[in-house]
Every structure is written in C-alpha cells, then in structure tokens.
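Asker: please work out how this folds:
(2 chains)
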Amino acid sequence: MINKEKIFENVKLKISISNFDEEENIEMKKNNKTYIFKVATVACCMLVLTTVVFAKDIENYIKKIFNNSTEGINSAVENEYVQNEDMEFVYNNDIGIKVDNLVLDDLNLAVSFELETKREDIKSIWIEQYVISNDNNELIYEYENKDTVKIGLANTITRMKEPEKVTDTIFTDSMLFGLRQNVNDFNKLNFEIKSLKLTYNDDTVEVLKGMWKFDIEIKDDMKKSENIYYNLSESNEYIESCTGTLSATGMIIEVNFTSRINFELLQDKRIIAELKSGSEKYAVSYVEGNLNQMILHFDNIGKYFNIDNTLDLYLEIYDTTIVLTKKDI
Amino acid sequence: MKSKIEKYKNNQKLDLEKIIDEYSGYVYSIIRNMANKYLSQEDIEEIVSDTFFILWKNADKLEDDRILSSYIAGITKNLVKEKSRVININYDISEYENIIQDNVKVDMICEQREKVNVLEKTVKQLKEDDILIFNLYYYSSMKISEISKALNISDFNVKMRLHRIRKKIKKEFSKGGYSDDK
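Answerer: Presented below is the predicted three-dimensional model:
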C-alpha cells in the first residue's frame, strides 16, 4: 500500500535539507578520501518567500512556550550567542527539571527550563521557590514568596507570563535576570528549586515541595561578551561624566550629573531617556537612580544591532541631548 | 495521466502535495516494472522520494505545456538506472522510451543528493517538533515571526530551536565521519 503522506513528508524533508545545505554551504569530506562536494549556490533554487502552511502539521503540533525575552536577547540568540544544555532531567516527586538554554553576559542572564512529568491532567507547572547562586558562593537571586525575596547579583527579574504546556508530559518555564554592574566572572550556576506550583486542568492548584538541585557550567563563549564602550564626547552643563557599555544583550549608560537629581520630577515623565542611533530610537527600559547618578538600562538594543559609533542620548529631566562616541580600544 | 505541468503550478511554484497524490502510484509502477525483483522496499521508497525531490529541484526547467508524467518517467528511469548500476542488474525500459523526457538532469544534482541523503539520516534523529520547525523554515520558507505565530510560541523560542537544530545537524554530520570544513 502506497503511503502518500509518508512520501510527502520524506520529500519535504529532502527539500528542507537541500535548502539548509545551500544556506550553510556544508563541505563534506569523508574520512581521508577526497570526496569534496562544494555546493554551488544554485540560482534557480533560491528560496521564494511563501506563506504556504501545511495545516496538518500545525494541527498536530501544539506547543506553547513561556516567553521572557527582550529584543537584545533575541538578537544575541539569532547571532548564536546562546548556550544550549544537553543535561538529563533531575527528578524528584516524579517531576524532572532541566535547563534547556541560557544566555549570559555582563548585563543579563536568561534561563529557560524544561519540565517533564507523567502526572496526568496538568495544565501548567510554575517554578515557585528557588535559589540561584554561583561558584563564588554569591547569590544571584532567591525567591521564597512574594514577601521574601533576596536580591543578589541580579537586581531585576522578569517572569511576566505563565509557563506553558508543550505536550501532555513536557512544560517550559523561563526567567530573565538583569545583573548588577561589575559582577565578577563565575564558572558555574547552582540551581536549587524547592517547590513547584502545579495547576491541573480543573484549575485546582497543588504546591509540590521537593529538592531539584543541579549545576550548570558556564561555557567559554558566555564569558567573552566583548562589550563595546562609549564615552561622553562633548561637555554638557548638567553632566559631569557619562559612560556606556553595549553588550550582547543590552546597553547600560551611567550618567553622573553635576547636581543632585530630583527623582520625583521623573514620575510623570513619558520618556525619561531615549537613545538615538542614526534614524533608530530606543526608549530606556528601566532606570536606577541615586543622588546625582542615573543608570539607564536598554534591553531593546545589543551589540548585534547596527549601532553607530556616535549616539545621541536624550535626557528628559533636563530636556537635553548629550553625545556619546564609541571608545577606541 | 496526460495533464500538463501548468495544472500543477501555483504562483509559479509546483504543487508538490498534489503531484505526489496523483503520481506516487505511477512512479511505483515504473519502478516495479523495471526492476521489482531486485530492489528492496527501502530502495523503492528512496527512489520514489528522490523522484519528486529532483522534480522540485528542477522545477524551473519544466515547460508548462509539456506533460508532467513524461518528466516523472524520465527521472524515475534515471534513478532506477543509477540504483541498478550499484546493484549491478539489467532493467527493461522499452515501455517508457517513447514517453520519457530526458532533459531533467539527474546527474547534475547527484552529488547534492548524496549529501542530502547523508544529512537526512541526521535530521530524522531530531525530535518531531524540531523537524516540524526545520521544515517550516527551510521548506515552507516561513519567517521566524510567521512560525512563531503559526505555532503559538515565541520568536525567541523559534530562534533558539533553529540554532540548536543547525548545531546538532553539523555536530552529528561530523561525528559520522564527515567534516564541515568551510
């Protein structure tokens, strides 16, 4: 009996591989035999953009992923600045947890988890209580409950959306941490997960206490973020000094003013700060401030963006624009 | 089976699903008649898939007002011939000689096919959902944002997965005795 669906799937796969090969231009040498195929770019096989979608595939594929990401992190991943983990699930109370991927640089740490269970009728699994530290015995972040949070090297966390169900047995969750400045290098992340919140299909909730403990080695790629630095290039009556650090996942600009800032004035401000690179504008993601200093965090930018050597920084508090220039190393 | 190529084109692209639906049986018949006793089921299935793959790869060479079956017969004949050389058997193609279109250059992409076959073994080891994303990106030519919307997952996740798939394919490819030296 001819299985047409199987034939179609096989052919689709061959075509996908052919297109992948053209894009990646993989050269094949088998053992010591000179058997080299240089794949020429075949003009007649250039990809034609199409929105043909095979409904069958999508109906059969139900996958939802928790999204805690930024444009800076997305661009880092797109440029292969990401660590994939091949660890085994760590099991406790018939639920397995592992780290799937992570992105780490001087400004941010993004971690995605995969959870596995054979328990039935589960709608979602949320990592509730946890401690993350490093091999320098420094705390990254600890969450006990909403009133008991310990902030360490990470001073912000983003977990805005619900974790999602990939299949009946696989779930995902993720966390995005904003790191403090000048964090010392570390080689390992230590995870201790102490409880999970299980929501069942009938919306009943169970808090499952346990201990899921594992370490992740930080690969060399994640330790070499090779930041780009910017300095103030023109003097400004309000600014004493200003430096910018552009990393793989974001940008941080430290502004020291000549006088103390009245932060209350910022409460009603719409923009606070905006960065301009060529014709592109980037609003500040969040601001830390103290006395006469403001630290501006931009998560919507990163070094893989097409960023100019000269940037304009608009500061609404004084309605002034300052110019930053890339520092030559 | 005397339909012209133009019937199977949709916005200048071949409607592969329709072609496979209408011509799989035809291809099987050709193979069985030519060399049934000598080819395993696996060889036959490979020739069938390769026939449609080569047809797609040479879509720009197909003349719209020609009969599709003649191209398909030509490709199939050449693939059976190629496989037969490997197995060292004789075959009978007299029945098809009048209808065969031989201007589809099977030889031209023989090398590419070999690499595709090698890579295929690796790709088939991926998880089912990874193969789906791989096909949506490389076969359906969907953008990251389109895949993300269609599958209801984040852009970030689609990018992560594609990155991981590419890395895994290259890693497995080099483990299998091949190297990816550019």
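
Asker: show me where the stretch 51-200 of chain A has its strands.
Answerer: A:83-84, A:90-92, A:95-104, A:108-117, A:122-134, A:139-145, A:148-151, A:154-158, A:164-165, A:170-179, A:188-200 (DSSP state E, counting those that start in this stretch).

Asker: distance of the spatially most central residue of chain B relative to chain A?
Answerer: In chain B, the residue lying closest to the centroid (CA atoms, centre = their mean) is B:F53, at 2.3 Å. According to CB to the nearest CB, to the nearest Å, B:F53 stands 4 Å off from chain A. C-beta: built from backbone N, CA, C; applies to glycine.

Asker: can you put the strands of the stretch 51-200 of chain A in JSON lines and add mean pLDDT?
Answerer: What follows is those, written out as JSON lines (pLDDT from 0 to 100):
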{"stretch": "strand A:83-84", "mean pLDDT": "82"}
{"stretch": "strand A:90-92", "mean pLDDT": "95"}
{"stretch": "strand A:95-104", "mean pLDDT": "90"}
{"stretch": "strand A:108-117", "mean pLDDT": "89"}
{"stretch": "strand A:122-134", "mean pLDDT": "93"}
{"stretch": "strand A:139-145", "mean pLDDT": "90"}
{"stretch": "strand A:148-151", "mean pLDDT": "83"}
{"stretch": "strand A:154-158", "mean pLDDT": "81"}
{"stretch": "strand A:164-165", "mean pLDDT": "72"}
{"stretch": "strand A:170-179", "mean pLDDT": "85"}
{"stretch": "strand A:188-200", "mean pLDDT": "94"}
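
Asker: can you report how many residues lie near A:Y282?
Answerer: Residues contacting A:Y282 under the criterion other CB atoms under 10 Å in any protein chain shown number 21.

Asker: helix or strand for it, which one?
Answerer: Following DSSP states H and E, the helix or strand that holds A:Y282 is strand A:280-283.

Asker: which parts of that strand are buried?
Answerer: A:Y282 (16 or more other CB atoms under 10 Å in any protein chain shown).

Asker: quick one: list the elements packing against that strand.
Answerer: strand A:273-277 (3 or more CB pairs under 8 Å, 6 or more residues apart in numbering or on different chains; DSSP states H and E).

Asker: show me what the strand it packs on packs onto, helices and strands only.
Answerer: strand A:251-257, strand A:280-283, strand A:293-298, strand A:310-315.

Asker: could you pull out the buried residues of the longest one?
Answerer: Translated: strand A:251-257. Under 16+ other CB under 10 Å, the buried positions of strand A:251-257 are A:M251, A:I252, A:I253, A:V255, A:F257.

Asker: same question, stretch B:119-134
Answerer: Quick answer for stretch B:119-134 (16+ other CB under 10 Å): B:L119, B:E120, B:T122, B:V123, B:L126, B:D129, B:D130, B:I131, B:L132, B:I133, B:F134.

Asker: taking those residues one by one, which sit in helices?
Answerer: Counting by DSSP state H, these place B:L119, B:E120, B:T122, B:V123, B:D129, B:D130, B:I131, B:L132, B:I133, B:F134 in helices.

Asker: buried residues, stretch A:142-160. List them.
Answerer: Buried residues in stretch A:142-160 (16+ other CB under 10 Å): A:E142, A:Y143, A:G152, A:L153, A:A154, A:T156, A:I157, A:T158, A:R159.

Asker: ok, what's across the strand from the first one?
Answerer: To tie it back to what came earlier, the one meant is A:E142. A:E142 has these beta-bridge partners by DSSP bridges: A:V131, A:K150.

Asker: how about the contacts made by it?
Answerer: A:E142 makes contact with A:Y130, A:V131, A:I132, A:V149, A:K150, A:G152, according to CB atoms under 8 Å, 6 or more residues apart in numbering or on different chains.

Asker: distance check, the first one against B:K167.
Answerer: Just to be clear, that refers to A:Y130. Computed as CB to CB, to the nearest Å, the A:Y130 to B:K167 distance reads 28 Å.

Asker: excluding chain neighbours, what is closest to A:K194?
Answerer: A:Q129 (4.1 Å; CB to CB, 6 or more residues apart in numbering or on different chains).

Asker: can you count the residues close to that neighbour?
Answerer: Residues lying near A:Q129 (other CB under 10 Å) number 18.

Asker: my read: it touches A:K146, true?
Answerer: No: using CB atoms under 8 Å, A:Q129 makes no contact with A:K146, being 11.2 Å away.

Asker: pLDDT weak spots in the chain?
Answerer: Picking chain A for this. A:1, A:25-69, A:78, A:160-162, A:224, A:263-271, A:329 (pLDDT under 70).

Asker: wait, I meant chain B there
Answerer: Counting by pLDDT under 70, chain B contains low-confidence residues at B:1-2, B:36-37, B:85-112, B:174-182.

Asker: which stretches of it form strands?
Answerer: B:9-10, B:13-14, B:178-180 (DSSP state E).

Asker: the first one: how far from the chain's middle?
Answerer: So that's strand B:9-10. When C-alpha coordinates are averaged (CA atoms, centre = their mean, to the nearest Å), strand B:9-10 and its chain have centres 18 Å apart.

Asker: pretty sure A:Y318 is touching A:Y238, no?
Answerer: Yes: A:Y318 lies in contact with A:Y238 (CB under 8 Å); the separation is 4.7 Å.

Asker: rewinding a little: SS state for the closest residue to the residue nearest to the centre of chain B other than its chain neighbours?
Answerer: Nearest in space to B:F53, with sequence neighbours left out and distances taken as CB to CB, 6+ apart, is A:K14 at 4.3 Å. Reduced to three states with DSSP: H, G, I helix; E, B strand; the rest coil, the structure at A:K14 is helix.
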